[in-house]
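**Q** Build the 3D model from these lines:
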Amino acid sequence: MTTRAKFGFVVKGYADGTPWIAFEPMERQLRGEGLPSGIFGFDLPKGATGKRAEEIANFLNDNISQFTFTAMPLE
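**A** All right, here's what the predicted structure looks like:
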């Protein structure tokens, strides 16, 4: 079964201030669909600034409309 949902890319920061991008659900429809509980995250290249992280997150939000997840049976 494949589920589609709206996710968003949001800039976060580690305790040391290093920016990273979280991939967060904008809808609750994926709960219970086999996804692990938590946040998907993307580390950026060393030296990336908060401004650059915002540019990347904005680009991704503008160019990715939905996230799909297909549950696969364990073999």
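**Q** Helix, strand or coil: sort out residue 15 for me.
**A** Following DSSP: H, G, I helix; E, B strand; the rest coil, the label given to residue 15 is coil.
**Q** Count the neighbours of it for me.
**A** 5 (other Cβ atoms under 10 Å). Placement of C-beta: from N, CA and C, glycine included.
**Q** now swap in residue 64 and tell me
**A** Neighbour count of residue 64, defined by other Cβ under 10 Å: 13.
**Q** which residues touch it?
**A** Residue 64 is in contact with 7, 9, counting by Cβ atoms under 8 Å, 6 or more residues apart in numbering.
**Q** Over to residue 42?
**A** 9, 20, 21, 22, 23 are the contacts of residue 42 under Cβ under 8 Å, 6+ apart.
**Q** ok now stretch 17-25, how far from the chain's centre?
**A** 7 Å (Cα atoms, centre = their mean, to the nearest Å).
**Q** same question, stretch 38-50
**A** So, by Cα atoms, centre = their mean, the centroid of stretch 38-50 is 10 Å from its chain's centroid.
**Q** ok so, going back, now, the contacts of residue 42 that are in strands?
**A** Judged by DSSP state E, these include 9, 20, 21, 22, 23 as members of strands.
**Q** closest to residue 46 among the contacts of residue 42?
**A** residue 20 (11.9 Å; Cβ to Cβ).
**Q** now residue 9: how far from residue 72?
**A** 25 Å (Cβ to Cβ, to the nearest Å).
**Q** okay, which residue is most central for the protein?
**A** Residue closest to the average C-alpha location in the chain (Cα atoms, centre = their mean): residue 23, at 1.3 Å.
**Q** Residue 21 versus residue 69, what's the distance?
**A** As for residue 69, its distance to residue 21 is 19 Å (criterion: Cβ to Cβ).
**Q** Between those two, which has more neighbouring residues?
**A** Higher neighbour count among residue 69 and residue 21: residue 21, with 20 against 15, using other Cβ under 10 Å.
**Q** ok, back up a step: pull the number of nearby residues for the spatially closest residue to the residue nearest to the centre of the chain that is not a sequence neighbour.
**A** Among residues not flanking residue 23 along the chain, residue 40 sits closest, at 4.0 Å (Cβ to Cβ, 6 or more residues apart in numbering). By the criterion of other Cβ under 10 Å, residue 40 has 14 neighbours.
**Q** With that, I have no additional questions.
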